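**Q** let's see this in three dimensions:
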Amino acid sequence: MRVDIVIFAACAMAVLVAWCVVALRITGRIRGVRLHRRSTRPTPPAVPQDQPAPVIDMRLSVEWASPRQVWPALTAENMLLAARLAGRMTPGEYRARMLELARRCEPRPTAGSE
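**A** I've put the predicted structure just below:
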């Protein structure tokens, strides 16, 4: 008879603890308990030393980033994004219009830079 009481008490405690954990989790007072594992971050690929460094285009200058060229392109891009997020444009239309905008707003040297 005493063993039955002990088993009943153990089961009641388990149910009570489980109920408390669920209640605290629903109310947001407890976060999920996670086991701490070592993170296995991917290592970047090794660059061979005998390979030359990539060539950087040295023709870009401060004049290239003229606000007259950059701001209209950013404004048009923001308008396209707003239309896409509002659902007025399909993903395919958005991609096509962004490609057309990128071609149209290709940076050109400004006067005096070359």
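
**Q** for the protein, which spans come out with low pLDDT?
**A** Confidence mapping of the chain against pLDDT under 70 gives the ranges 1, 30-66, 107-114.

**Q** again, 90 this time
**A** Counting by pLDDT under 90, the ranges of the chain that qualify are 1-6, 18, 20-76, 101-114.

**Q** select the longest helix from it.
**A** With DSSP state H setting the assignment, residue counts place helix 2-27 as the longest helix in the chain.

**Q** that helix: what's the following helix or strand?
**A** Next along the chain after helix 2-27, taking DSSP states H and E as the criterion, comes helix 67-85.

**Q** from the contact counts, what lies against that following helix?
**A** When contacts are defined as 3 or more Cβ pairs under 8 Å, 6 or more residues apart in numbering; DSSP states H and E, helix 67-85 packs onto helix 91-104. In this view, the C-beta of every residue, glycine as well, is placed from N, C-alpha and C.

**Q** now the helix it packs on: buried residues?
**A** Neighbour counts using 16 or more other Cβ atoms under 10 Å place Tyr94, Arg97 of helix 91-104 among the buried residues.

**Q** who touches it?
**A** Judged by Cβ atoms under 8 Å, 6 or more residues apart in numbering, the contacts made with helix 91-104 from elsewhere in the structure are Ala73, Ala76, Glu77, Leu80, Leu81, Ala83, Arg84, Met89.

**Q** look up phi and psi at Gly87.
**A** Backbone torsions for Gly87, taken as degrees, to the nearest 10, come to phi 90, psi 10.

**Q** from Tyr94, how far out is it?
**A** If you measure Gly87 against Tyr94 using Cβ to Cβ, to the nearest Å, the figure is 11 Å.

**Q** and for Arg29?
**A** Shown here: Arg29 relative to Tyr94, a distance of 42 Å by Cβ to Cβ.

**Q** next: Ala82.
**A** With distances taken as Cβ to Cβ, Ala82 is found 11 Å from Tyr94.

**Q** likewise Val22?
**A** In this structure, Val22 and Tyr94 are separated by 43 Å, where distance is defined by Cβ to Cβ.
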